[in-house]
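>>> Pasting a predicted model and its sequence here:
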Amino acid sequence: MADLSLLQEDLQEDADGFGVDACSSESDVVVVPSALDFVSQDEMLTPLGRLDKYAASDNVFNRQMVARSLLDTLREVCDDERDCIAVLERISRLADDSEPTVRAELMEQVPHIALFCQENRPAIPYAFSKYLLPIVVRYLADQNNQVRKTSQAALLALLEQELIERFDVETKVCPVLVGLTAPDSTDDVKTEAVAIMCRMAPMVGKDITERLILPRFCEMCCDCRMFHVRKVCAANFGDICSVVGQQATEEMLLPRFFQLCSDNVWGVRKACAECFMAVSCATCQEIRRTKLSALFINLISDPSRWVRQAAFQSLGPFISTFANPSSSGQYFKEESKSSEDASVEDKNRTRDQEAPEDVQIRPEDAPAEPAAGPPRVELEGTLKDGTENPRRPPGEAAALVGSSVLCAWSSEPPQEAAGDEKDRKPGHGRSASRLEEPGLLDQEYNSFHFWRTPLPEIDLDMELGQGSGSPLGPEGPGAAPQVSVPGSASLTMATRKELEELIENLEPHVDDPDVRAQVDVLAAALRASSLDACDEPGEAARRSPVQDEPAAGELPGCGLSHEASVPLISDAVEDVDSALCYMRHDPDLGSDGGFSPDEERRPRVQDVVPQALLDQYLSMTDPSRAQTVDTEIAKHCAYSLPGVALTLGRQNWHCLRETYETLASDMQWKVRRTLAFSIHELAVILGDQLTAADLVPIFNGFLKDLDEVRIGVLKHLHDFLKLLHVDKRREYLYQLQEFLVTDNSRNWRFRAELAEQLILLLELYSPRDVYDYLRPIALSLCADKVSSVRWISYKLVSEMVRKLHRAAPPSFGVDLIHELVENFGRCPRWSGRQAFVFVCQTVIEDDCLPMDQFALHLMPHLLTLANDRVPNVRVLLAKTLRQTLLEKEYFSASASCHQEAVEQTIVALQMDRDSDVKYFASTHPAGTRISEDALSTASSTY
């Protein structure tokens, strides 16, 4: 009763509000108006009247309803421009509502209203700029957090849909955001303003960002009072760099980025590590190698575990930014080019070479100062015997020597100076007389021994000297000087001395795992230099007396230039890498793509990325990293490994092979699963020889792994097998049957993926292999318990029928059709007979067989199912005949015995005792897709 009295009081108040007398003057009977009376009164009002009525209500929910219905009101009055303007003016008044929920509701509707105004721009010009945009901008500084959040979301939505004019962005939006980042703003408002500025930068473009946003962004990066602002700047640093471009990034943003990376708050440093790749992409190669690499090493060695974790996750992506498209081109194999053509092309290219054209300096790799290091040199590498070898892109066979090595000019033959020929400066080349000597041109410019270090076991100097009959040194005092080999006595001793000093400087910090890794690398380099020192007496004895004298053009002060201070760890390792880069060999020299024992023992040194970064990446497989950094660090290493391999190139695969094998045998199945999903991409990068030698064994291991790992191999089975040679590819025909066996029989998606891959594999195998190996698997999948697997298998069988029918002779196709008739068309189970109808339907829809062949081999057995005792089979048959078969011109246009048989069968189905059979045999349901309808029937038989 109390509830009723309260309801009566509420109705009484509502009645008073509507001008209804609650008590009659003649009696005391209470008159309670009904809800229908209220509705009728609202219907009598105009849209503007209803808007004014509820906008002035004291009930908050009524005002919320007004804000929610503004778009509908605009649509009702869109024909009258004055009414539209009146609605927009009421929106401005509603924006001053004191209730935050009403303001938030209004802001959620602004993007929709703005889109409506844009579509009706001729009727209500400048409506958004005059009435709506000021509300959005004003709410950015609202006191309520919910209102600010909705206004920020609305602003981004408007910018994304390009509903704000460029002039309004410059004059109304950006000044307000910049003002909100002033020192007197509250902490939350300042942080949100910086975040919204960073997020809108990609939408407003480079010009506005550089003029209006970038200066304040740089100031906010140095906000000493609030680390939240610096953290937001660090998190969005990559986006700003990608918008403003390389010049602004290097001049204005990089100094701020260095400060953020050394911030006192670990959250700021972690945000810098997460966006490191984007920042690196906006800088040049020189800054990336000299400055960002050392900065990243500091983040990897950060005291905070969270910073190290984020840095290691970004390490692989950061290394990928060192990739050079010209040197990491994906040349897999050129089957169309014969060995004879390759040899002729090599001879022509050698004959046409000239010295000035052979030396090419890449602008992106050229140093800013001559003393900073010699330029890269490009030359295309080919095999000596002219066998099939993909043409190397420019720069792939070149090595970059470190800045601490200054080469001296000498008269050594080019065979000994192969590793340092690239250190020669333009203008100091061989004289024209030497290049024009007959027979000597081929010796000097043969790519096999000109740009590669000779094998230490072979005395190429003596052999070539005997073969030419004359010494290879200069013939007179006027001859041009030659490049000296970097393995000279002075250089080796200086290198060993430098290595020993670096190791001594690092020994006090050997407790740090990162420093220990650097010491191991330096120790390996020291051992390598010791081996070179052992060979120096023999080489010194073989040198001519002319070589011991300084040449006329020799540069003064040759040797190693030591800096006054001890360099950083990253700089030291990079210098060691550069000084020893002549030890690098090309893994593609061997005919079988394998590696000799000497190559297996060589240090993992390359010249594409700073060696310190690569060493840190290789250490991600260390078990101690999982304990001190992140338990998922091996997974991150596996995830980014294809990108790192593409950056290094196939010539440096020896640096990653051991790491890849370690990851492939990792105890965590998630790590192996990651590799399984990307092994086909890695095969494209490495080429057919390295794939057969290193990836095929791991691929075979994945085939026997858990289902979670096998699915990664299965999803890209076709992509991987097509990269193998035909003989190697046929070996996997015997293993395809194993995919039918899974750890969990309910894992039907595994079998569905197998069916999809088999459709793609049909093009890789001969008709005989398809019939002998793939046919049993396809027929087994057609009888699967799950309808989704069966439906994909029908497509597989129909494509198999197409391939075998087109083969010569077509006996395989005829045998497959007979097997379909025996196993499915005459199957004792009705699901098998239904599967036969599905296969016939797919064959007709995809034109897998000519209609005359279909009428000869399949249609007689299909029509016999009109008398099947199971209605589901007859229903599907009626659909197939009516909706698929009769749509073909062969049966609709020509009067033949086959057409007559089809019409008789349809007439019989139209008189069937089942109503569904009659329906589908008599009519052609409109708007029903045949495949969807058939699939629904298949699903009903699960």
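Okay, I see it.

>>> Please identify the helix or strand for the nearest residue to Leu881 once chain neighbours are set aside.
Excluding its sequence neighbours, the residue lying closest to Leu881 (Cβ to Cβ, 6 or more residues apart in numbering) is Ile906, at 5.7 Å. In short, each C-beta sits where N, CA and C put it, glycine included. In this assignment (DSSP states H and E), Ile906 forms part of helix 897-910.

>>> and the helix or strand following that helix, what's its mean pLDDT?
Next along the chain after helix 897-910, taking DSSP H and E as the criterion, comes helix 915-922. The average pLDDT for helix 915-922 rounds to 89.

>>> for stretch 790-810, same thing?
For stretch 790-810, mean pLDDT is 91.

>>> pLDDT weak spots in the protein?
1-43, 121-125, 325-498, 505, 508-518, 521, 524-525, 527-604, 892-896, 923-942 (pLDDT under 70).

>>> ok, now with 80
1-45, 47, 78-81, 120-127, 223-224, 324-606, 808-810, 889-899, 923-942 (pLDDT under 80).

>>> For Glu822, see how far away Pro828 is.
12 Å (Cβ to Cβ, to the nearest Å).

>>> Kindly report the same for Val110.
With Cβ to Cβ as the criterion, Val110 and Glu822 are 69 Å apart.

>>> can you check Ile300 too?
66 Å.

>>> The two - which one has more neighbours?
Legend: neighbour count by other Cβ atoms under 10 Å for Ile300 and Glu822, higher for Ile300 (22 against 11).

>>> Please report phi then psi for the more buried one.
phi -70, psi -30 (degrees, to the nearest 10).

>>> I'd assumed Arg308 was in contact with it.
Yes: using Cβ atoms under 8 Å as the test, Ile300 is close enough to Arg308 to be in contact (6.1 Å).

>>> Wasn't Asp58 part of a helix?
No: membership of Asp58 in a helix is not supported by DSSP: H, G, I helix; E, B strand; the rest coil, which gives coil.

>>> so how many other residues sit close to it?
So Asp58, with other Cβ under 10 Å, has 7 neighbours.

>>> Identify the residues contacting Phe699.
679, 713, 720 (Cβ atoms under 8 Å, 6 or more residues apart in numbering).

>>> rerun that using 6 Å as the cut-off
Phe699 makes contact with Ile679, according to Cβ atoms under 6 Å, 6 or more residues apart in numbering.

>>> swap in the one 3 residues further on?
For Phe702, the residues meeting the contact criterion (Cβ under 6 Å, 6+ apart) are 676, 709, 713.

>>> Just the element for it, please.
Per DSSP H and E: Phe702 is located in helix 696-703.

>>> same for the helix or strand that comes right after that helix, what does it pack against?
Next along the chain after helix 696-703, taking DSSP H and E as the criterion, comes helix 707-715. Packing contacts for helix 707-715, counted by 3 or more Cβ pairs under 6 Å, 6 or more residues apart in numbering; DSSP states H and E, involve helix 669-686.

>>> Can I get the helix it packs on in CSV, CA atoms only?
The C-alpha trace of helix 669-686 is given here as CSV (Å, rounded to 0.1, in the frame of the first residue of the first chain):
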residue,chain,number,x,y,z
TRP,A,669,56.1,-25.7,-27.0
LYS,A,670,55.1,-22.0,-27.6
VAL,A,671,58.6,-21.3,-28.8
ARG,A,672,58.6,-24.2,-31.2
ARG,A,673,55.1,-23.2,-32.3
THR,A,674,56.3,-19.7,-33.2
LEU,A,675,59.1,-21.2,-35.3
ALA,A,676,56.8,-23.6,-37.0
PHE,A,677,54.5,-20.8,-38.1
SER,A,678,57.4,-18.9,-39.7
ILE,A,679,59.7,-21.6,-41.1
HIS,A,680,58.3,-21.1,-44.6
GLU,A,681,59.2,-17.4,-44.5
LEU,A,682,62.7,-18.3,-43.3
ALA,A,683,63.1,-20.7,-46.2
VAL,A,684,62.4,-18.0,-48.7
ILE,A,685,65.1,-15.8,-47.1
LEU,A,686,67.8,-18.6,-47.0
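
>>> His716 touches Leu682, doesn't it?
No: look at His716 against Leu682 with Cβ atoms under 6 Å: they stay out of range, at 10.8 Å.

>>> the more surrounded of these two?
Taking other Cβ under 10 Å, His716 and Leu682 do not tie; Leu682 has more neighbours (22 against 17).

>>> Spatially nearest residue to the more buried one (excluding sequence neighbours)?
Here the residue nearest Leu682, using Cβ to Cβ, 6+ apart, is Pro642, at 5.1 Å.

>>> Show me which parts of stretch 658-674 are buried, residue by residue.
Residues of stretch 658-674 classed as buried: 659-660, 662-664, 666, 671-674 (neighbour count, 16 or more other Cβ atoms under 10 Å).

>>> could I get those residues as CSV with distance to Leu94?
Formatted as CSV, the buried residues of stretch 658-674 follow (distance: Cβ to Cβ, whole Å):
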residue, distance to Leu94
Thr659, 63
Tyr660, 63
Thr662, 65
Leu663, 61
Ala664, 64
Asp666, 61
Val671, 57
Arg672, 60
Arg673, 55
Thr674, 54
